[in-house]
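# whatever this is, show me its structure:
(chains A, B, C and D)
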Protein chains: 2
Amino acid sequence: MTGRIMTVAASAVPSEPRDPQRIYSIAELAREFAITARTIRFYEDEGLIKPKRQGLTRLYSAGDRTRLGWILRGKRLGFTLAEIKELLDLYQVDRTGVSQLRELLRRSRLHIEDLEHKRRDLDAHIAEFRDVELQVAAELAKRGADTGHD
Amino acid sequence: MTGRIMTVAASAVPSEPRDPQRIYSIAELAREFAITARTIRFYEDEGLIKPKRQGLTRLYSAGDRTRLGWILRGKRLGFTLAEIKELLDLYQVDRTGVSQLRELLRRSRLHIEDLEHKRRDLDAHIAEFRDVELQVAAELAKRGADTGHD
DNA sequence: ACCCACATTGACGTTAACGTAAACGTCAAC
DNA sequence: GTTGACGTTTACGTTAACGTCAATGTGGGT
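You can find the predicted model right below:
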């Protein structure tokens, strides 16, 4: 077999129960990630997750849960669901051919560039607000008021 | 007068002409930032920018241009226009009272926390994709194909 | 047997962030 | 004097990402 390359997977916000066998109900995941069941079903309609079914009821695996966390992280970073789907799909396609690997590499690099642009934006934003914080704190100190820090 | 605290201002993407006296037409700014005039007018309707007028025609100052760049950067980071407006307004309110300064400080800190959360998300995202890039590049190299780098 | 919490599938409603088209004014160029 | 590039307002259309019912099923207590 050709060496498996890995699948995109990382830590979501709530990642305590490291049991890969566990299954989750939709309400459970909704609570955990502070979203509604409607949202989760919507993501499924959009093809972002495909839980198993027992009859009609959806059963979510640990992998599904991880995927969901990944999706939400993408959202926090300002990506649309369509973009997130593209990225998720990207790593599920056929990796056997060299041309496909090349394409995957190309798109990864493009995406990394995008992410690094975002990071520059973010760093600039943070720097500005840190500056504001300093100035305001200094002004408050000068006026003899305390700044909320000890 | 009470020491001016500064106003939020930073570099947008296109920031070559450092002439603070220049004025810009709406089409000019639209081209420069790669958005439509409709978008700029929409931002005005939403109270995000308030250009001067000569009759009906809008005239944008260097400050307006900077503001616009700031708005777009906020958008790239995934903030809604409502959030961006809040942040912009934040720095235009009355800074004379101690209680207002305290409030400003509090909200700055909250926002910084949010931004730092975003940064952690972003770093995790970047790390993952870098990892993917490495793996795929390695696999390609193993197969004797070149990776697009020299 | 009945209730309740949880699940399901439609289907229509809503909000944000613009797009798009209509109808019009203005000024310089040909 | 009309064409064309720019500007304007008003207003309806659109897409994404869900919210909010309604109608129904299902398994577990009491």
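# what's the distance between residue A:134 and chain B?
Taken as Cβ to the nearest Cβ, to the nearest Å, the spacing of residue A:134 relative to chain B amounts to 10 Å. No exception for glycine: its C-beta is placed from N, CA and C like everyone else's.
# average model confidence for the host helix or strand of that residue?
Residue A:134 belongs to helix A:98-142 when assigned by DSSP states H and E. Model confidence over helix A:98-142 averages 95 on the pLDDT scale.
# same question for stretch A:32-44.
According to the model, stretch A:32-44 has a mean pLDDT of 98.
# would you mind writing the CA trace of it as PDB?
Once side chains and other backbone atoms are set aside, the C-alpha atoms of stretch A:32-44 remain, and they are given as PDB (Å, rounded to 0.1, in the frame of the first residue of the first chain):
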ATOM      1  CA  GLU A  32     -20.900  21.100  23.100                       C
ATOM      2  CA  PHE A  33     -20.200  23.600  20.300                       C
ATOM      3  CA  ALA A  34     -22.900  26.000  21.300                       C
ATOM      4  CA  ILE A  35     -24.800  25.800  18.000                       C
ATOM      5  CA  THR A  36     -28.300  24.500  17.200                       C
ATOM      6  CA  ALA A  37     -29.200  21.100  15.800                       C
ATOM      7  CA  ARG A  38     -30.600  23.000  12.800                       C
ATOM      8  CA  THR A  39     -27.200  24.300  12.000                       C
ATOM      9  CA  ILE A  40     -25.700  20.800  12.100                       C
ATOM     10  CA  ARG A  41     -28.300  19.500   9.800                       C
ATOM     11  CA  PHE A  42     -27.800  22.400   7.500                       C
ATOM     12  CA  TYR A  43     -24.100  21.600   7.300                       C
ATOM     13  CA  GLU A  44     -25.100  18.100   6.300                       C
END
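# and that stretch, does that touch DNA strand D?
Yes: part of stretch A:32-44 sits near DNA strand D under the criterion Cβ under 7 Å from any atom of the strand, namely A:35-36, A:38-39, A:42.
# and what of stretch A:53-69?
Yes: among the residues of stretch A:53-69, A:55-56 lie within reach of DNA strand D under Cβ under 7 Å from any atom of the strand.
# buried ones in that stretch?
Burial within stretch A:53-69, assessed by neighbour count using 16 or more other Cβ atoms under 10 Å in any protein chain shown, is assigned to A:58, A:60-61, A:64-69.
# ok now stretch A:42-57, how far from the chain's centre?
Relative to the mean C-alpha coordinate of its chain, stretch A:42-57 is positioned 19 Å out (Cα atoms, centre = their mean, to the nearest Å).
# between the two ends of it, how far is it?
With Cα to Cα, to the nearest Å as the measure, the ends of stretch A:42-57 fall 15 Å from one another.
# quick check: residue A:111 vs DNA strand C, distance?
21 Å (Cβ to the nearest atom of the strand, to the nearest Å).
# right, and that residue touches residue B:128 too?
No: under the criterion of Cβ atoms under 8 Å, residue A:111 lies out of contact with residue B:128, with a separation of 10.2 Å.
# now list whatever residues contact both of the two.
Common contacts of residue A:111 and residue B:128 (Cβ atoms under 8 Å, 6 or more residues apart in numbering or on different chains): none found.
# could you give the number of residues near residue A:110?
Residue A:110: 11 surrounding residues under other Cβ atoms under 10 Å in any protein chain shown.
# quickly note the distance from it to residue A:87.
Computed with Cβ to Cβ, to the nearest Å, the distance linking residue A:110 and residue A:87 is 11 Å.
# look up phi and psi at residue A:59.
Backbone torsions of residue A:59, given as degrees, to the nearest 10, read phi -120, psi 120.
# my guess is it meets residue A:49, correct?
No: checked against Cβ under 8 Å, the pair residue A:59 and residue A:49 is beyond contact range at 11.7 Å.
# what residues does chain A put near DNA strand D?
Residues of chain A lying near DNA strand D (Cβ under 7 Å from any atom of the strand): A:35-36, A:38-39, A:42, A:46, A:55-56, A:75, A:80-82.
# what's the domain layout of chain A?
Taking automatic domain parsing as the criterion, chain A consists of the domains A:19-92, A:96-150.
# three-state assignment of the closest residue to chain B within chain A?
When Cβ to the nearest Cβ is the measure, chain A has its nearest residue to chain B at residue A:78, with 2.6 Å between them. Assigned state for residue A:78: coil (three-state reduction, DSSP: H, G, I helix; E, B strand; the rest coil).
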